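> here is a sequence together with a model predicted from it:
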Amino acid sequence: MLRSFEMAGTAQGQRGMLARGEVRSRLALAVALTALFMGVEVAGGILTSSLALIADAGHMATDVAALSFSLFAFWMAARPAPPERTFGYYRVEILAALGNGIGLFLLVAYVVWEAVARMADPPDVRAGPMLAVAAMGLGVNLTVGALLAGERSRNLNVRGAFLHVAGDALGSIGVIVAAAVILAMGTAVVDPIISMVIAGLIMIGAVRLVWETVDVLLETTPRHLDLAALTQALQGLPGVNSVHDVHVWTVTSGFVAMSAHVSVAGGPEHDEVLIRGQELLKERFGIDHATLQLETPELEELLPDGCLPGSTCALVHGGRHMETAAAQSQTSS
């Protein structure tokens, strides 16, 4: 006898949708604030002849693009799942995070290239207005960062947008320091030096972001889960003989899915094993979306190697069987 069971955690899903709606509102406000001040920085850079301010406005332009991309990804993820995309559009958020990470790499390359050029030929700037505009820009960056900070640890898409804003805030700080030094000492070489330091800090965050998004796209076991402990916990349930073909992956930030084959003893307690298994996965490991396939000894006797045809388990055991047969053939010859 074979039974499959899936539990979706409806209440938590509804809370997640409410949280996503709030994040979308914050992202929309962040886009509006950033786009508005980007125009102010462009005007300030032209009026003060400050290449640093114009460059920082360019950073803000990437922020607007990144925030807009993240907002679009949230909108896509909220769309109903069509038959050909059974998990819906959740992965668009991960693609947005990856795009933001790549954008950060490009931003770092631009900052380094521009810093090298400025070290060779430091520009003359009006440091006073430059300082004032950069200070206002920092205020906008901090406001936008505060809007996104609460969600950055739970959502890779938001983290990518947050890192863009954080990078721009560091850029504003660099412009402020450079303006202050120019006012005090009359030297502009400090500007490219600070820019190089800022680029290094941005690169660290970009590498971490891209690494985590690639892990999700490769369906790597989530870092916070111990697969061996999870399997052992399922095997410890009453009525369970063994657990195999276990897969745990992240669909999108905060949405972990899992499937496993569970070999059970014969008897009428299958439903209890199913319920206890789902409760264990939810309460101890935080997995709401799980599919447990129960397999009885009678079923396993009917199947080669105890695996259903076409399953990963069958493919693995089939491959091992072929390797064994080939080795025996070579030995006999």
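Noted; the coordinates are in hand.
> from here on, just use CA atoms for contacts and neighbour counts.
Noted.
> where's Ala43 relative to Leu107, distance?
21 Å (CA to CA, to the nearest Å).
> okay, these two: which has more neighbours?
Leu107 (20 against 16; other CA atoms under 10 Å).
> ok, now how distant is the more buried one from Leu95?
18 Å.
> for the stretch 1-150 of the chain, which segments count as helices?
For the stretch 1-150 of the chain, the helices defined by DSSP state H, counting those that start in this stretch cover 10-48, 51-77, 91-120, 127-149.
> which stretch among those comes nearest Ile275?
helix 10-48 (15.9 Å; CA to CA).
> need the longest strand for the chain.
Across the chain, the longest stretch assigned as strand under DSSP state E is strand 240-252.
> state the mean pLDDT of the helix or strand following that one.
Next along the chain after strand 240-252, taking DSSP states H and E as the criterion, comes strand 255-264. For strand 255-264, the mean per-residue pLDDT is 90.
> buried ones in stretch 174-191?
Residues of stretch 174-191 classed as buried: 174-182, 188-191 (neighbour count, 16 or more other CA atoms under 10 Å).
> CA atoms of it as PDB?
C-alpha atoms of stretch 174-191 as PDB (Å, rounded to 0.1, in the frame of the first residue of the first chain):
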ATOM      1  CA  GLY A 174      32.800  58.700   1.300                       C
ATOM      2  CA  VAL A 175      31.700  61.900  -0.500                       C
ATOM      3  CA  ILE A 176      31.200  63.600   2.900                       C
ATOM      4  CA  VAL A 177      34.600  62.600   4.100                       C
ATOM      5  CA  ALA A 178      36.200  63.600   0.900                       C
ATOM      6  CA  ALA A 179      34.500  67.000   0.900                       C
ATOM      7  CA  ALA A 180      35.500  67.600   4.500                       C
ATOM      8  CA  VAL A 181      39.200  66.700   3.800                       C
ATOM      9  CA  ILE A 182      39.200  69.000   0.700                       C
ATOM     10  CA  LEU A 183      37.700  71.800   2.800                       C
ATOM     11  CA  ALA A 184      40.300  71.300   5.500                       C
ATOM     12  CA  MET A 185      43.500  70.400   3.500                       C
ATOM     13  CA  GLY A 186      42.700  71.400  -0.100                       C
ATOM     14  CA  THR A 187      43.600  68.000  -1.400                       C
ATOM     15  CA  ALA A 188      41.300  65.900  -3.600                       C
ATOM     16  CA  VAL A 189      43.300  62.600  -3.700                       C
ATOM     17  CA  VAL A 190      41.400  61.300  -0.600                       C
ATOM     18  CA  ASP A 191      38.300  60.900  -2.700                       C
END
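> now do it: distance to the chain's middle.
Put simply, stretch 174-191 sits 37 Å off its chain's centre (CA atoms, centre = their mean, to the nearest Å).
> could you do stretch 122-137 as well?
Put simply, stretch 122-137 sits 35 Å off its chain's centre (CA atoms, centre = their mean).
> in that stretch, what's buried?
Across stretch 122-137, burial judged by 16+ other CA under 10 Å covers Pro122, Pro123, Val125, Ala127, Pro129, Met130, Leu131, Val133, Ala134, Ala135, Gly137.
> closest to Trp211 out of the residues you listed?
The nearest one, if we look at the buried residues of stretch 122-137 relative to Trp211 and count by CA to CA, is Gly137, at 29.8 Å.
> name the nearest residue to Ser153, ignoring sequence neighbours.
Excluding its sequence neighbours, the residue lying closest to Ser153 (CA to CA, 6 or more residues apart in numbering) is Arg159, at 6.8 Å.
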